[in-house]
Each structure stands twice: as structure tokens, then as C-alpha cells.
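Enquirer: Got a predicted model here, sequence first, then my questions.
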Amino acid sequence: MMLREPDTNTSAAGQAALARNVRTRNIVTARRRMRRLMWKEQGTAFLFLAPNIIGFLFFTLFSLVAAFGLSFFRWSLLSSPTFIGLNNYVILFTQDPVFHQVVLNTLYFVFGYVPLNILLSLGTAVWLSGNIRAKSLFRIIMFLPVMTPAVGVSLVWMLMYDQNGIINQLLYALFHIHGPNWLGSTTWAMPAVIVMSLWYGFGYNMLVFSAGLQAIPRHLYEAAAIDGAQRWQRFFAITLPLLSPSIFFGLVLTLITSFQVFDQVYILTAGGPGTATTTLVFYTYQNGFVYFHMGYAATISSVLFVLIMLVTIAQFALQKRWVYYEV
Amino acid sequence: MKSEVLSSAPKARLGMGSIISHTFLIIFSLIVLFPFLWMLDTALKPDADVFLFPPTLIPNPIQWQNFAAVWTYLPFGRFIINSLIVAGIGTILVLITSSLAAYAFARLRFFGRETIFVAYLGTLIVPQAVLVIPEFLLIRYLGWVNSYQALILPGAFTAFGTFLLRQFFRTIPVELEESALIDGASRLRILWSIILPLSRAALGVLGLFTFIGFWNNFLWPLIVVNTTDMATIPLGLQMFQGQHGTEWSYMMAGATISVIPGIILVILLQRYLVEGITLTGLGGR
């Protein structure tokens, strides 16, 4: 027993050295393994990304570049494309009598539709956040139009907007007013398209705002109520600032989509009467697939893209002034 | 003061204000529902009664045969099958490609991850309408005009789906995956059996919006399809309008058929709607 002690001591020292050795070797192999794992992870990541990114590059990025490229060509599909420089843009801005009207129509729609959409969706979302029974039922009802095809519901609005349709029948029965031929009048066609679009689209933002409202802590309202804040004071001091990120999100998306209004215009008015409701996307469609002026159509859509970009950039620049982010 | 605090209790008390509020809400909801009711109402009327004044609110006689008649005017069954194929396959593709890419962006370390992600995200604001002309030319070049792949593929690879799922995947604790990784499970296995089952709400919302997006799309089918047998429902309705634009009862029967799936899906997936929008940060928070 006594004799063995030094023995165990040396073996302990040896074991310590051995352990150090093993540890360094372990670190080296661990590093190597880490590096191998990292490379493996790179490979996995590439494989995971490939299906989405390749399809996306092909259909979206390539198309985006091609859209701008095409705007410098004249191409009727029958012959091969001819390079004409900026000619399409020159014609569009200086000679095309319809184009100015089309831009104005689009702006009319956007600035008529977007503010009303935000007001209506915000109003209903706040209304439904109060003491309401069967909230989810009301939310579902208001959300229903969003999920239906614009073509299908435009057809019923077309029927309702008819000179002898139910809207004019109601106007006559209730107020003895002879309503106009809504969709056939240059004055009323665009408001009619806007009203139909409001009905069709407000439910989406209503739901987005409802989700935002649910995230506002209740105790803030309770504290404000105890401090004697009135309903509208609570709305402006708590609800609006805390909801502003949601409103910003809804506003940006609604602006982007409203610049692209097409389906309801196609069905309700086909851009008419005359060109009273011809919007940029409708005009793109007409030039591309009715007249087969591919280059010219690409030019119109490039202008649309720039317009949407400018408005979106302006939105992001302005957000500092009114969007409140909790830190 | 006391009543204000009480009124924030979950159960609504039926005071006078509350009754007025509910009444207006019901009226407003009926106005919102009215076009759907009018659609169905007209679909069940004899064509001669469509513009009758005063209007017949309950059709007399109820003409269920209008729905059958739509089928004889145009191959409506075919439109439904086409729409189901396009929206169904499209949705599956979007869910697969988005969840794979989203997992890579959320969990895997690779060179330039954040840069690629931001660049990818930037393309979200590219308006679809801008891409329509070159996409059509591409499809034409590939010889795919009038085909299912033309209807499906351009919509099957979205930055939106990737973004939405990536945001959601990042809320799932990494610890859940670590033990599986140590046990030697592959990343694909982890995605399939750990991440995806926990992401039902996000997948449900993405699937719902994607399916409906394909189902409702009109501009793209209008451009790449030129025969009735490849038409989806919205395009079929437009063709019907072009050919029998004055036969409102039949048109409304067709329109009614077109809105049914959306309505059913919303009712079935309602639980996921608000929850999904909150969870995925779709509400901007």
C-alpha cells in the first residue's frame, strides 16, 4: 500500500499530462469537426434555399430586369423586337393623349380609396374591440369579401349598379331620387369603382388592426380611465400611437395594391365610359394584350413601378413623424 | 370611473349604449353581406324577374335549375377542376419552398445570410402587375401558353411566404432542436417533425392566403390562357359575361359558385386568422 503511493502519484501526473494532450487533440478535432459541420451547414442551407430562390430569380428578378429592358424596344410579337432607345417614353409623356388621363384616373382611385379604406377599417376594428358580443362573427363577415374572387363579386356589383338595379330602386323608394346610370357616367363610374373596392378590401386591414389592438396592454386603458381620461382622449393618447405601426403597415400595403387596381375595373367598366376609369394596369393590359405593343406596355408598367417606389419611399421617409415604435 | 373599469371585463353588459352599438353593427354587417345575398337571390330567380320593381326578395319560384343551366352554357365543372388543380398545387409548392428557405434563413449559418435575406425582402414591393409582360414573354418562349405550369409556376416562389415563415420559425426556441441534432437527426427531419408541427397557425395563414390568391387571380389567367378548357373560374366568369352578358340569373349562379370556397375556408380557418396575423407579425408589430 505504502509503496504504491508514489506510483500512483506519478501516474496521476502522467494522467494529467495525458489529459492535457487529449484535450488539445480534442480541441483540434472539435475545431475540424466544427469546420466540417459549418461546411455541411452551408451545403444544407444552399439545398434548402435553392428551390425558392431559383424559381424566384427566374420569374421575379429576371422579369423585373426584362420589364425595364423591354421598354427600350418596339415589339409587336409578329416581328422581332427593334431597339428604339427612349422613344417609348417620349411618346408616352409627350404624344399619348390617353396616358395623362390614365395617370390622373389612377391617382383619383388611389387617393379616393386608400384614406377611406384606412378610416373604415380602423373604425370597424376599434368598434369591434369594445364591448361587443360575437366579435369573431362580425369580423368574419367583414373579412368575407377579401377572400372571394374580385371577378365574381364585381359581377353582382355591376348588377346592383345597373340603371334599374337594386341601388337605384332603393334610392327611389327611400328618397325619391332617380339614381344615375352609375357605371355608364363619366362622373359616377370612378366613385362606383371606389365604393365597390372599399367593400371588397376593408376587411383585410380591419383584421390587421384588430390583431394590433389586441396587443395593446389593457392596463394602459384602465390607468387612463382611473385618471379620468375620456373615451376619445384614450383613443388619441393610447390607441392611435400604439396602433401606428399596424396602421403604417396597412397603409403601405394598401397603397401598393391600390396602384395596381385591375379586376374590378375590367369587369365593372372595362376602363370606360371612354377612358374615365382606365387605370395604369388596365392600360398596360390593353397595350400588351389587346394591341400587342409589348414594348410600350412594358414602358407603362415601368412608370407604374417607379411611381409605386416613390410613394413607398415617401411613406418610409414620413413614418418617423407619426409612427410610434416602443423601445 | 368604476363603470369604465367594469366595462373592460370580458363579458359585455347590455346597457342602452351597448344595444345601440350592437344594432348598428348588425345593420352594417347586413350591408356587407348584402351583395352575397343578392347574388344568391338573383341566381335563384327566373331571368325575367331580375329587375322587377319592387324587387322580389324571396325568388318565386325558386329556380335551382339555374345552377345546372350554367353548366350547359360553359364547362363550369372544368373551370372548377382547373381552379382546384392550380390553387392546390400552387399552395403545396409555396408551402414547401417557403418553409425550406425560411428554415435556412432562420436557423442555418451560411455566408451572406442577412444580406441575401434583406435583398430578397426588398423584392416584396415589386408590383406583380409590372412583371406580367416579361413573364408572359417568358412563358411564350418556353412554349407553355395555355398550360397548368404557366398558371402555377410564376406564383409558386414567393418572398412573402419565406419572410412570413422565417419570422415565425425564429420564435420557436432553439433548445427544442438541439437534442434532436445531438441524436443525429438531419435538418430536414428536424424541420419536418419539430418545426412544422409547431407552426400550424403560420402555415395555415400562408396556405389560406396562397390558395385564395391563386383561386381569385384574374389578370394572369386572362393573359396566359386562351381556350375555355384551360380557364379558371374567374376567367370562365369573364368569358360567360362576354358571351351571355345579359343573362343575370345564370351569371349570378356562376358567381355564387366562385365565392363559395373562400367563404368556407374563412369559416373553417377563422381561428387561425387573427392568431396567425398576430403571430406572424403581419400586423406590423
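Expert: Nice, thanks for sending it over.
Enquirer: just for chain A, where's the confidence low?
Expert: Counting by pLDDT under 70, the low-confidence segments of chain A come to A:1-25, A:326-327.
Enquirer: Then chain B?
Expert: Confidence mapping of chain B against pLDDT under 70 gives the ranges B:1-14, B:275-285.
Enquirer: What about B:Ser21, how many residues nearby?
Expert: The tally of other residues near B:Ser21 (other Cβ atoms under 10 Å in any protein chain shown) stands at 16. Quick note: C-beta positions are derived from backbone N, CA and C, even for glycine.
Enquirer: And B:Met16, by the same measure?
Expert: Here the count is done by other Cβ under 10 Å, and B:Met16 has 7 residues near it.
Enquirer: Also the one 4 residues further on?
Expert: If you count neighbours by other Cβ under 10 Å, B:Ile20 ends up with 10.
Enquirer: could you measure it against B:Phe34, distance?
Expert: 21 Å (Cβ to Cβ, to the nearest Å).
Enquirer: Same question for A:Ile166.
Expert: The value you get for A:Ile166 to B:Phe34, if Cβ to Cβ is used, is 9 Å.
Enquirer: Stretch B:247-255 and chain A in contact?
Expert: Yes - for stretch B:247-255 and chain A, the contact criterion (Cβ under 8 Å from any Cβ of the partner chain) is met by B:Trp248, B:Met251, B:Met252, B:Gly254, B:Ala255.
Enquirer: Can you list the buried residues in that stretch?
Expert: Within stretch B:247-255, the residues that qualify as buried are B:Glu247, B:Trp248, B:Ser249, B:Tyr250, B:Met251, B:Met252, B:Ala253, B:Gly254, B:Ala255, counting by 16 or more other Cβ atoms under 10 Å in any protein chain shown.
Enquirer: tell me which element A:Leu47 falls in.
Expert: When secondary structure is defined using DSSP states H and E, the element that contains A:Leu47 is helix A:4-56.
Enquirer: and the next element down the chain from that helix?
Expert: Moving on from helix A:4-56 towards the C-terminus, the next helix or strand you reach (DSSP H and E) is helix A:62-70.
Enquirer: domains in the chain, as residue ranges please.
Expert: Picking chain A for this. Taking automatic domain parsing as the domain assignment, the record places the domains of chain A at A:4-70, A:90-322.
Enquirer: right idea, wrong chain: chain B
Expert: Following automatic domain parsing, chain B resolves into domains at B:15-63, B:73-279.
Enquirer: Please identify the most buried of those domains.
Expert: domain B:73-279 (a mean of 19; mean count of other Cβ atoms under 10 Å in any protein chain shown).
Enquirer: the strands in the stretch 101-250 of chain A, which residues?
Expert: For the stretch 101-250 of chain A, no strands turn up when DSSP state E, counting those that start in this stretch is the criterion.
Enquirer: Which residue would be the closest one in it to chain B?
Expert: Across the stretch 101-250 of chain A, no residue is closer to chain B than A:Phe249, which sits at 3.0 Å (Cβ to the nearest Cβ).
Enquirer: what's the burial count for that residue?
Expert: 20.
Enquirer: I'd say it and A:Val208 touch.
Expert: Yes - taking contact to mean Cβ atoms under 8 Å, the distance of 6.7 Å between A:Phe249 and A:Val208 places them in contact.
Enquirer: Am I right that A:Ile132 is in contact with B:Thr23?
Expert: No - in this structure A:Ile132 lies outside contact range of B:Thr23 using Cβ under 8 Å: 11.7 Å.
Enquirer: all helices for chain A, in order.
Expert: Per DSSP state H, chain A has helices spanning A:4-56, A:62-70, A:87-90, A:97-129, A:135-143, A:150-161, A:166-175, A:189-214, A:218-226, A:231-234, A:240-258, A:263-268, A:280-285, A:294-322. These are given in chain order.
Enquirer: who wins for proximity to A:Leu77 among those helices?
Expert: For those, distance to A:Leu77 was read as Cβ to Cβ. The smallest value, 6.2 Å, belongs to helix A:294-322.
Enquirer: The residue lying closest to A:Trp127 once chain neighbours are set aside: which element?
Expert: Spatially, and ignoring its direct neighbours in sequence, A:Trp127 is nearest to B:Leu25 (7.0 Å; Cβ to Cβ, 6 or more residues apart in numbering or on different chains). With elements taken from DSSP H and E, the one containing B:Leu25 is helix B:16-43.
Enquirer: then whatever helix or strand comes next after that helix to CSV, C-alphas only?
Expert: Tracing the chain C-terminally past helix B:16-43 and defining elements by DSSP H and E, one meets helix B:65-73 next. What follows is helix B:65-73, C-alpha atoms only, in CSV (Å, rounded to 0.1, in the frame of the first residue of the first chain):
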residue,chain,number,x,y,z
GLN,B,65,-82.1,24.7,-62.2
ASN,B,66,-80.2,27.9,-62.9
PHE,B,67,-77.2,26.4,-61.3
ALA,B,68,-77.5,23.3,-63.5
ALA,B,69,-78.0,25.6,-66.6
VAL,B,70,-74.7,27.3,-66.0
TRP,B,71,-73.0,24.0,-66.8
THR,B,72,-74.7,23.8,-70.2
TYR,B,73,-73.6,27.3,-71.2
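Enquirer: elements contacting the helix or strand that helix B:65-73 is followed by?
Expert: For helix B:65-73, the following helix or strand on the C-terminal side (DSSP H and E) is helix B:76-107. Using 3 or more Cβ pairs under 8 Å, 6 or more residues apart in numbering or on different chains; DSSP states H and E as the contact criterion, the secondary-structure elements in contact with helix B:76-107 are helix A:4-56, helix B:148-152, helix B:159-169, helix B:200-216, helix B:233-244, helix B:248-268.
Enquirer: What angle do helix B:159-169 and helix B:76-107 make with each other?
Expert: Using axes from the mean of the first three to the mean of the last three Cα atoms, to 10 degrees, one finds that helix B:76-107 and helix B:159-169 are set 50 degrees apart in direction.
Enquirer: Now do the helix or strand just after helix B:76-107 and helix B:76-107, the angle between them.
Expert: Proceeding N to C from helix B:76-107, the next assigned helix or strand is helix B:113-122, under DSSP H and E. Using the same axes, to 10 degrees, the direction of helix B:113-122 lies 150 degrees away from that of helix B:76-107.
Enquirer: Is chain A within reach of the helix or strand that comes right after helix B:113-122?
Expert: Downstream of helix B:113-122, the first helix or strand assigned by DSSP H and E is helix B:128-141. Yes - using Cβ under 8 Å from any Cβ, a contact is recorded between helix B:128-141 and chain A, made by B:Gln128, B:Ala129, B:Val130, B:Leu131, B:Val132, B:Ile133, B:Pro134, B:Glu135, B:Phe136, B:Leu137, B:Leu138.
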